[in-house]
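Participant: Turn this into a model:
(one chain, ligands or ions: 2)
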Amino acid sequence: MKPSMTLYLAAPRGFCAGVDRAIKIVEMALEKWGAPVYVRHEIVHNKFVVDSLRDKGAVFVEELEECPTDRPVIFSAHGVPKSVPAEAERREMIYVDATCPLVSKVHKEAERHSSNGHQMVMIGHAGHPEVLGTMGQLPEGEVLLVETVDDVAKITPRDPEQLAFITQTTLSVDDTAAIVAALQARFPAIVGPSKEDICYATTNRQASVKAMAGQIDALLVIGAPNSSNSRRLVEVGSAAGCAYSQLVQRAADIDWRAIEGAKAVGVTAGASAPEVLIDEVIDAFRARYDLTVDQIETAREDIEFKVPRMLRETA
Ligand code: 2E6
Ligand code: F3S
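Facilitator: Ligands and ions are numbered 1, 2, ... in the order given. Got it, this is the predicted structure:
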């Protein structure tokens, strides 16, 4: 006899509109130009997505210099510094920008504040490609990075009266609220968005984890170790009281001993994790338990982003 188990599936989970669009861009580029099509950085932070596009003829590189000039190149969903499209133009390359429109919106905010004479403070994680891309919209020194509440005390802006803030799109909603409050307390004149720039997908996935936290003994987040939004879901689970909150890339990563004795497990997936991996996890539970699957839905998402015109014309 198998032990009984309830699996709560968070909704929304998995792919967001920006990820969907970025993957479509690579697929449509392969149709339009044939293989190989180069992609600068993982198109989204998921090994399975990257491997399946590689199988279709995409070649993933970290820097533009690694691409030949006679093949098209796509910029990943996380965005790129201004210097990257500038260099592609200088080298007369065909390029398609798969930056999520919600990241591009933050790029434009940074430019607008800067042209109004504000120095920028960016809340985000050092070294993350989105942060490098957003900071790279402005000349060096124009964007000060803060990662934590403690960092707020350490920055030395040119003029505390002329400051604006922006954020990475995939941060923890609660941690960011604390950092924004610290910025406003130290720099009362700072301007910015009404809350922050965290995107709808990040916000919704965190809210659904919070909603299920009281009913589960453990949380599994399907996502990659380099996926910021996925890692934040693990933290949100822990902060909401899950004694065991763990990132797994796929079913084979599940530590079954760690969830022994659990009666209810929550499952969610980061914005870059394909649904096929969630199905795989459900199947693995079904093989071991007498399983009941229930969905906890806290929002509906119907956002879609158009692919760039250059590719729509092909379709
Ligand atoms: C682009 C911008 C935001 O690490 P992160 O969460 O930023 O990225 P992915 O690829 O895991 O998620 C999608 C995404 C793309 N989020
Ligand atoms: Fe865009 Fe948010 Fe997805 S910034 S790529 S909609 S996680």
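Participant: tell me the contacts of Lys210?
Facilitator: The contact partners of Lys210, taken as Cβ atoms under 8 Å, 6 or more residues apart in numbering, are Val236, Ala240. All C-beta spots, glycine's among them, are computed from the backbone N, C-alpha and C.
Participant: Check for me that it belongs to a helix.
Facilitator: Yes: membership of Lys210 in a helix is supported by DSSP: H, G, I helix; E, B strand; the rest coil.
Participant: What pLDDT does the model give it?
Facilitator: Note on Lys210: pLDDT of 98.
Participant: and it, how far is that from Lys263?
Facilitator: Relative to Lys263, Lys210 is positioned 20 Å away (Cβ to Cβ, to the nearest Å).
Participant: What's the separation between Val265 and Leu291?
Facilitator: Separation of Val265 from Leu291 (Cβ to Cβ): 10 Å.
Participant: Also Phe60?
Facilitator: For Phe60, the distance to Leu291 (Cβ to Cβ) stands at 37 Å.
Participant: same check, this time on Thr170
Facilitator: Distance from Thr170 to Leu291, by Cβ to Cβ: 31 Å.
Participant: Show me which of these two is the more surrounded one.
Facilitator: Neighbour count, other Cβ atoms under 10 Å: between Thr170 and Leu291, Thr170 has more, with 30 against 17.
Participant: Which other helices and strands does whichever strand or helix holds Thr6 contact?
Facilitator: In this structure, Thr6 is located in strand 4-11 according to DSSP states H and E. For strand 4-11, the contact count by 3 or more Cβ pairs under 8 Å, 6 or more residues apart in numbering; DSSP states H and E identifies helix 200-213, strand 264-269, helix 275-288, strand 290-297 as packing neighbours.
Participant: what's the overlap in contacts for Val265 and Leu291?
Facilitator: Between them, Val265 and Leu291 share the neighbouring residues Met5, Thr6, Leu7, Phe285, with contact defined by Cβ under 8 Å, 6+ apart.
Participant: ok, and the closest non-adjacent residue to the first one?
Facilitator: In space, and not counting its chain neighbours, Met5 is closest to Tyr289: 3.7 Å by Cβ to Cβ, 6 or more residues apart in numbering.
Participant: hang on, that neighbour packs against Ser4?
Facilitator: Yes: here Tyr289 lies in contact with Ser4, judged by Cβ atoms under 8 Å, at a distance of 6.5 Å.
Participant: Give the residue from these two that has the larger number of neighbours.
Facilitator: More neighbours sit around Tyr289 than around the other of Tyr289 and Ser4, counting by other Cβ under 10 Å; the figures are 17 against 11.
Participant: For Gly266, give me its contacts.
Facilitator: Here Gly266 is in contact with 7-10, 209, 212-213, 215-216, 218-220, 237, 242, 296 (criterion: Cβ under 8 Å, 6+ apart).
Participant: same thing with Gln184?
Facilitator: Taking Cβ under 8 Å, 6+ apart as the contact definition, Gln184 lies against Ile190.
Participant: Tabulate the CA atom coordinates of the longest helix belonging to the chain in CSV.
Facilitator: Scanning the chain for the helix with the most residues, using DSSP state H, yields helix 17-33. In CSV, the C-alpha atoms belonging to helix 17-33 read as follows (Å, rounded to 0.1, in the frame of the first residue of the first chain):
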residue,chain,number,x,y,z
ALA,A,17,4.6,36.1,-21.2
GLY,A,18,8.2,37.3,-21.6
VAL,A,19,9.6,33.8,-21.5
ASP,A,20,7.1,32.6,-24.0
ARG,A,21,7.9,35.4,-26.4
ALA,A,22,11.7,34.9,-26.0
ILE,A,23,11.5,31.2,-26.9
LYS,A,24,9.2,32.0,-29.8
ILE,A,25,11.7,34.5,-31.1
VAL,A,26,14.4,31.9,-31.2
GLU,A,27,12.1,29.4,-32.9
MET,A,28,10.9,31.9,-35.5
ALA,A,29,14.5,33.1,-36.2
LEU,A,30,15.5,29.5,-36.9
GLU,A,31,12.6,29.2,-39.3
LYS,A,32,13.4,32.5,-41.0
TRP,A,33,17.2,32.2,-41.3
